[in-house]
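1. how would this look folded up:
(2 chains)
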Amino acid sequence: MARILFQNESLNIQSESKQTSPKVLSDREILKKRSEGYLKLIKGLDAELLAETRGKEELMAKIYDEFGTAELANLPLGILAKCYLGHPHEVHTLDLSGGQIIQHYKIGEPLPDHFEKARTLAKHNAYAFVEVFKDKLIPIRKDGTATKL
Amino acid sequence: MSQKVISYADLSYINSALRSIKADMSAVNVELGGLNTKHDHLKSDLLQLANSFSDFVESDIKHKALQLAETRQGNLKQDLQIKFGYYAEVRRMATGILQGVDTGIISDDTLRHTTEEVMIKAPNYWLAPSLVVLASWIRDDKDTTKKALTESLKRDDYKTTLFFMLVMRRLGRNDACLQWMHRYFLHQNPHNLDREFIVILEAITTGVFQPASHQLMITNVKTWIDQLTQTDNYIDKQKAQWTEFFKTKGSLSGKKYPLLEEFATNWDSLKSSVTQARSHYALDNHFKNIFETTTDYSKSIKIQLDEILSLLVTNFDDEELPLQNEVRLNQLIIQKDGDKKAAQALIDNEKHIFDEKVDFLQMLTNAAFDPELSGATKVTQALAVSISQPWILEAHDTFTADYRNKVEEKVELIIDGFKTSTIDGTDETEQLQKHDKYWADFLENELKKLSSPKIGIIIGALVALLALVIFGLIGIIGALIGGIIIYSSINNHKKAKKKTIEIVTERKAKSKEVLRGCIVETVDYRKEFATEDAKAEVLRQTLISITPEDFSSSSRETRSILQPS
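-> As a prediction, this is how the structure comes out:
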């Protein structure tokens, strides 16, 4: 079972047209340990909270906080995590661009672009979730340690 | 008429002539054979001659090169003697003075007199004023000390600094030593460190220098790491090396999964995953071993430090280096019996060792991988690992996540044409059902391919009917023939069918055995992978538990800056 937690792809296009040269984050910045609050936030996400628009705005604000930037080019496209809904659900995604924020995917069900490559890691017990970027994957361990792939 | 003559002609003469020609011919053949053998001999003799001639030429060249090298070496040594002869004297004297100071049996006057003389004899040489400094410092002549020191630093700041840092340590003058060490650190460029730096680092770590030097080193090392980790380049380079190092540590014996090796189409990938997962255990031991050493190295480090000091004092100065290199080359040519190429290769190698300069992080990695090769001990290895701990951990995380990401979700099998895939081998029943179905379909298909007995039956029936219609009673014989045709074609078909069934059943049985074996191996494989993969977390704990001294705090600081507090 897996989930994609927030997806900013459509917003991303907007940001690219607005900001001509977004600051590129160095590895040091990308690999910093994720805060406990952020981990809790992503872990504790459930569909009910996010159904309200306010919940979503709050979530985005917290994510900007965590990454120290609101530049969407530097934010992940979305987050993929193991889904605990039970069989046959495998992963779920967090998608902030559309109305449906959390989406659950069953075993074998294809994931949207970019997310598929994170599936194996999202299912692995060592990682809490995987931040999916256009050009990289950042698996986050349960203690908040980030790794770049 | 001519025919008549021929009929009476006596051919015996011609016959005997032919016979004798034949005999002659064979004699010629024998001769020719002999000639061939001789020719071969000659050829090999000539080849031998050519070989020995080229050997001779080669040895002659070597001999001449040897002679030339000997002459040149003599000349060069003379040259050296004329130009830098006093340098050698100063160096000898320096060693003597150091020993004299150690034992305290030389009078101040002698010291003063000799060192001042040296000053006159060896202009431009940094060691001369340094010796004056030493002598005047011992007799407490502050004015001369100051002047001589200024001169010495002017001539060669770096060497003077290193010299006094080491001499002060030998004499146990801690404060002075610390001052010099401070200056020594200022000389170091973290992007481009000298080889001897690792020994100094080790000496500080093991407490050969006084405790205050430890703090000084930490402060400097911290600044360097900050400097080097500002960009990703240096750390990424080290991380890549560590990741490669991790990759080489795993191994898998070839016989563990024989069936998967033969029947799994993605075996290469499966093998690479489990091999990499198997590296954690070996690595965990490797790192634990580094930190479990209790040997006291301080004695050997003191010797090493004195070696640096004596090298500094006895080694040639930059000025004389070109000449000394020439002498060394000629010396090597003589050593190699005139073989110029071998000598050149040797000297290139030597130069490489001396020229080697590395950035600080690379120096740490070298010491962490192979302390002996980089001229360090296990103490420095432990130090290097503890300083490098943050990026070793990062590299290990990357290495682990990378192979975990690449692990094959399914084991793809092709067994005698039966294609299937299993995730973890828990679906044996379904697999066997699928297998049965495949072979049932296969058999059906094979049987369809057999030529149908229908044509035989029709022909037989036609023959029988025609015979009966046309010949009446006698036609019974024809009908019998038709019957035989029908019987044999049915019989043939039956036999072929039986054979096909036999063959297919046998293939199916074998394939089933292999499939079962593959499933068992898949279960074992997943089990082993999970066990070995879990050891990654154990190794991770080991790595985390390495106290990264105070150095790594810099990298932690970088991290905390990024963390919203």
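2. can we go C-alpha only for contacts and neighbour counts from here?
-> Fine.
3. Point out the residues in chain A that sit beside chain B.
-> A:26-29, A:32-35, A:65-66, A:68, A:118, A:120-121, A:124, A:139, A:147-149 (C-alpha under 8 Å from any C-alpha of the partner chain).
4. Show me the shaky parts of the chain.
-> No chain specified, so I'll use chain A. When residues are selected by pLDDT under 70, those of chain A lie in A:1-25, A:45-56, A:69-73, A:95-101.
5. Chain B is the one I meant
-> B:1-9, B:195, B:293-301, B:304-305, B:307-319, B:349-357, B:373-376, B:547-565.
6. Strands of that one, start to end?
-> Secondary structure of chain B (DSSP state E): strands located at B:411-415, B:418-422.
7. Next one: the first one, is it in contact with chain A?
-> No: Strand B:411-415 lies out of reach of chain A by C-alpha under 8 Å from any C-alpha, never closer than 14.8 Å.
8. In terms of secondary structure, what does that strand contact?
-> helix B:258-263, strand B:418-422, helix B:475-545 (3 or more C-alpha pairs under 8 Å, 6 or more residues apart in numbering or on different chains; DSSP states H and E).
9. Tell me which of the residues of chain A next to chain B fall in helices.
-> A:27-29, A:65-66, A:120-121 (DSSP state H).
10. Would you check which pair of those residues lies furthest apart?
-> Using C-alpha to C-alpha, these reach their maximum pairwise distance at A:65 and A:120, which is 28.1 Å.
11. So for the two, which sits in the more crowded spot?
-> Legend: neighbour count by other C-alpha atoms under 10 Å in any protein chain shown for residue A:65 and residue A:120, higher for residue A:120 (19 against 14).
12. picking up where we left off before, most neighbours among the ones in helices among the residues of chain A next to chain B, please name it.
-> Neighbour counts for these (other C-alpha under 10 Å) peak at residue A:121, which has 27 neighbours.
13. Would you check that my belief about that one contacting residue B:407 is correct?
-> No: distance between residue A:121 and residue B:407: 9.5 Å, which falls outside the contact criterion (C-alpha atoms under 8 Å).
14. As a check, name the ranges of all helices in chain A.
-> Under the criterion DSSP H, helices of chain A are mapped to A:9-18, A:27-30, A:36-43, A:47-51, A:53-67, A:119-123.
15. Quick one: residues in contact with the third one.
-> It stands for helix A:36-43. Counting contacts by C-alpha atoms under 8 Å, 6 or more residues apart in numbering or on different chains, the residues outside helix A:36-43 that touch it are A:5, A:59, A:62-63, A:66, A:128, A:142-144.
16. Can you tell me which of these comes closest to chain B?
-> Closest approach to chain B among the contacts of helix A:36-43 (C-alpha to the nearest C-alpha): residue A:66, at 6.5 Å.
17. Now distance to residue B:495 too, for the contacts of helix A:36-43, in TSV please.
-> Putting the contacts of helix A:36-43 into TSV (distance: C-alpha to C-alpha, whole Å) gives the following:
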residue	distance to residue B:495
A:5	65
A:59	76
A:62	79
A:63	76
A:66	78
A:128	64
A:142	68
A:143	71
A:144	71
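18. neighbour-wise, which of these leads?
-> For the contacts of helix A:36-43, neighbours were counted using other C-alpha under 10 Å, and residue A:5 has the most, 28 neighbours in all.
19. any idea how far the residue lying closest to residue B:149 once chain neighbours are set aside is from residue B:468?
-> Closest residue to residue B:149 in three dimensions, ignoring its sequence neighbours and counting by C-alpha to C-alpha, 6 or more residues apart in numbering or on different chains: residue B:133, at 5.9 Å. Applying C-alpha to C-alpha, to the nearest Å, the value for residue B:133 to residue B:468 is 140 Å.
20. Return the residues in contact with the most centrally placed residue in chain B.
-> With distances taken as C-alpha atoms, centre = their mean, the residue of chain B nearest its centroid is residue B:248 (9.5 Å). Neighbour list for residue B:248: residue B:279 [criterion: C-alpha under 8 Å, 6+ apart].
21. Got phi/psi on it?
-> Taking degrees, to the nearest 10, you get phi -80, psi -10 for the backbone angles of residue B:248.
22. re earlier: so which pair among the contacts of helix A:36-43 is furthest apart in space?
-> A:59 and A:143 (20.3 Å).
23. What's the local residue count around residue 85?
-> Unless you meant another one, I'm taking chain A. Neighbourhood size, residue A:85 [other C-alpha under 10 Å]: 13.
24. my question was about chain B
-> Counted with other C-alpha under 10 Å, residues neighbouring residue B:85 total 15.
25. before we move on, what about residue B:14?
-> Counted with other C-alpha under 10 Å, residues neighbouring residue B:14 total 10.
26. Ok, residue B:57 next?
-> By other C-alpha under 10 Å, neighbour count at residue B:57 equals 12.
27. next one: residue B:437
-> By the criterion of other C-alpha under 10 Å, residue B:437 has 12 neighbours.
28. cool, and residue A:122?
-> What residue A:122 shows, counting by other C-alpha under 10 Å, is a neighbour count of 31.
29. ditto for residue B:237
-> Neighbours of residue B:237 (other C-alpha under 10 Å): 12.
30. who touches it in this structure?
-> Taking C-alpha under 8 Å, 6+ apart, one finds nothing in contact with residue B:237.
31. Then residue B:474?
-> residue B:468.
32. Now it. Its backbone dihedrals?
-> Note on residue B:474: backbone dihedrals following degrees, to the nearest 10 are phi -60, psi -30.
33. any idea how far it lies from chain A?
-> Applying C-alpha to the nearest C-alpha, to the nearest Å, one obtains 75 Å for the distance of residue B:474 from chain A.
34. try residue B:289
-> For residue B:289, the distance to chain A equals 26 Å [C-alpha to the nearest C-alpha].
35. outside of stretch B:513-528, which residues touch it?
-> B:257, B:259-260, B:263, B:274, B:411, B:415, B:422, B:424-426, B:428.
36. If you go by neighbour count, which of those are buried?
-> In terms of neighbour count (16 or more other C-alpha atoms under 10 Å in any protein chain shown), the buried residues within those are B:257, B:259-260, B:263, B:274, B:411, B:415, B:422, B:424-425.
37. ok, these vs chain A, which is closest?
-> Ranked by distance to chain A (C-alpha to the nearest C-alpha), the buried ones among the contacts of stretch B:513-528 are led by residue B:422 at 13.7 Å.
38. Name the pair among the buried ones among the contacts of stretch B:513-528 with the greatest separation in space.
-> With distance counted by C-alpha to C-alpha, no two of the buried ones among the contacts of stretch B:513-528 lie farther apart than B:274 and B:415, which are 22.5 Å apart.
39. Please work out which residue of the stretch 151-300 of chain B is closest to chain A.
-> residue B:232 (6.3 Å).
40. Skip the chain neighbours and tell me the closest residue to that residue.
-> Nearest non-adjacent residue to residue B:232, counting by C-alpha to C-alpha, 6+ apart: residue A:27, 6.3 Å away.
41. that older thread, which one's more surrounded, residue B:133 and residue B:468?
-> Under the neighbour definition other C-alpha under 10 Å, residue B:133 and residue B:468 were set side by side, and residue B:133 has more, 27 against 17.
42. My read is that that one contacts residue B:143, right?
-> No: in terms of C-alpha under 8 Å, residue B:133 does not count as a neighbour of residue B:143; the distance is 10.0 Å.
43. check contacts around the closest residue to residue B:540 other than its chain neighbours.
-> By the measure of C-alpha to C-alpha, 6+ apart, the closest residue to residue B:540 outside its immediate chain neighbours is residue B:393, 7.1 Å from it. Applying C-alpha under 8 Å, 6+ apart, we find residue B:393 in contact with B:540, B:543-544.
44. Which PyMOL command selects the buried ones in these?
-> Selection command for PyMOL covering only the buried members of the contacts of residue B:393, criterion 16+ other C-alpha under 10 Å:
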select buried, chain B and resi 540+543
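45. Return the member of the contacts of residue B:393 nearest to residue B:197.
-> When the contacts of residue B:393 are ranked by distance to residue B:197 (C-alpha to C-alpha), residue B:543 comes first, at 25.9 Å.
46. Verify the stated contact: the closest one with residue B:389.
-> Yes: taking contact to mean C-alpha under 8 Å, the distance of 7.0 Å between residue B:543 and residue B:389 places them in contact.
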